[in-house]
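Chemist: What follows is a protein structure lacking sequence information:
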């Protein structure tokens, strides 16, 4: 299977290279893979530094979105009054394109790190929140009733019953959350940033530096894929907790 995947990727790159060399694609917009590979040299150091800055902001936004999303999801999902009152607002806010609030965030927080972290956390919060609320709501009520009948405290109910029952949804939220947080940080860096990978990619795009832009995009994509694969590995290692 791995060999077949590698052959598929190589075939795609070869076709792309051939199309670029044959003049079927405008190199100003779609450079050949060989040109993209050469671009890694000049941009390597600065691009990696910018990527590190972006990932640092993403990590802070991710922690905030996970902590707030899981905590609020548990509260709203398990307390009927909160669910009845707040769930419609959560669904409505989840459906609103977050880009609409970006100008207000920039107006309030200015340019730089703060708006990127805030917007990234906001971007990642709602997928986690919606998943956790739904998971808590769908927990078998028999488990809760049995736990209460054995004298479980509220803390024990959450720790021993609800949290293990929603582990798959939390892990799904972890995978979605990191992608949404990274996307949110990149968007702010592109439009209201002074550094970071989004700022660098915006500069390449404005300067029509297509090979450098493709190379930078490849770095971000590789980092995102590696993070998601790492989270998948962690979820597999921790999935026994549910049992």
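Modeler: Received the coordinates, thanks. The structure presented is a predicted model; accordingly, all values stated were derived computationally and were not measured.
Chemist: use CA for all of it now, contacts and neighbours both
Modeler: Fine.
Chemist: Tell me where the model's unsure across this structure.
Modeler: 1-2, 5, 150, 152, 238-243 (pLDDT under 70).
Chemist: ok, then the element right after the top helix by length along the chain?
Modeler: Determined from DSSP state H, the single longest helix within the chain is helix 33-78. The C-terminal neighbour of helix 33-78 among helices and strands, as given by DSSP states H and E, is helix 80-95.
Chemist: Could you list the buried residues of the following helix or strand past that next one?
Modeler: Per DSSP H and E, helix 80-95 leads on to helix 102-109 as the next helix or strand towards the C-terminus. Burial within helix 102-109, assessed by neighbour count using 16 or more other CA atoms under 10 Å, is assigned to 102, 105, 106.
Chemist: With stretch 42-62 instead?
Modeler: Neighbour counts over stretch 42-62 (16+ other CA under 10 Å) mark 47, 48, 50, 51, 54, 55, 57, 58, 59, 61, 62 as buried.
Chemist: what's the closest non-adjacent residue to the third one?
Modeler: Same thing as residue 50. Leaving aside its chain neighbours, residue 50 sits nearest to residue 196 (4.3 Å; criterion: CA to CA, 6 or more residues apart in numbering).
Chemist: ok, now residue 171?
Modeler: The shortest distance from residue 171 to any non-neighbouring residue, by CA to CA, 6+ apart, is to residue 235 (6.2 Å).
Chemist: same thing with residue 162?
Modeler: For residue 162, ignoring the flanking residues on the chain, the nearest one in space by CA to CA, 6+ apart is residue 136 at 6.7 Å.
Chemist: now the angle between helix 80-95 and the helix or strand harbouring the one you found, please.
Modeler: Following DSSP H and E, one finds residue 136 within helix 113-137. Relative orientation of helix 113-137 versus helix 80-95 (axes from the mean of the first three to the mean of the last three CA atoms, to 10 degrees): 130 degrees.
Chemist: And the next helix or strand after helix 113-137, what's buried?
Modeler: Counting by DSSP H and E, the element after helix 113-137 in chain order, helix or strand, is helix 141-149. Residues of helix 141-149 classed as buried by neighbour count (16+ other CA under 10 Å): 144, 147.
Chemist: Quick one: residues contacting the closest residue to residue 83 other than its chain neighbours.
Modeler: The spatially closest residue to residue 83, leaving aside those adjacent along the chain, is residue 76, at 4.8 Å (CA to CA, 6+ apart). Counting by CA atoms under 8 Å, 6 or more residues apart in numbering, residue 76 touches 82, 83, 86, 87, 133.
Chemist: Output the contacting helices and strands for the helix holding residue 136.
Modeler: Judged by 3 or more CA pairs under 8 Å, 6 or more residues apart in numbering; DSSP states H and E, the packing partners of helix 113-137 are helix 33-78, helix 80-95, helix 102-109, helix 167-192.
Chemist: packing partners for the shortest one?
Modeler: Looking back up the chat, that one is helix 102-109. Packing partners of helix 102-109 (3+ CA pairs under 8 Å, 6+ apart): helix 113-137.
Chemist: Let me know the angle separating the helix it packs on from helix 102-109.
Modeler: Going by the same axes, to 10 degrees, helix 113-137 is angled at 120 degrees with respect to helix 102-109.
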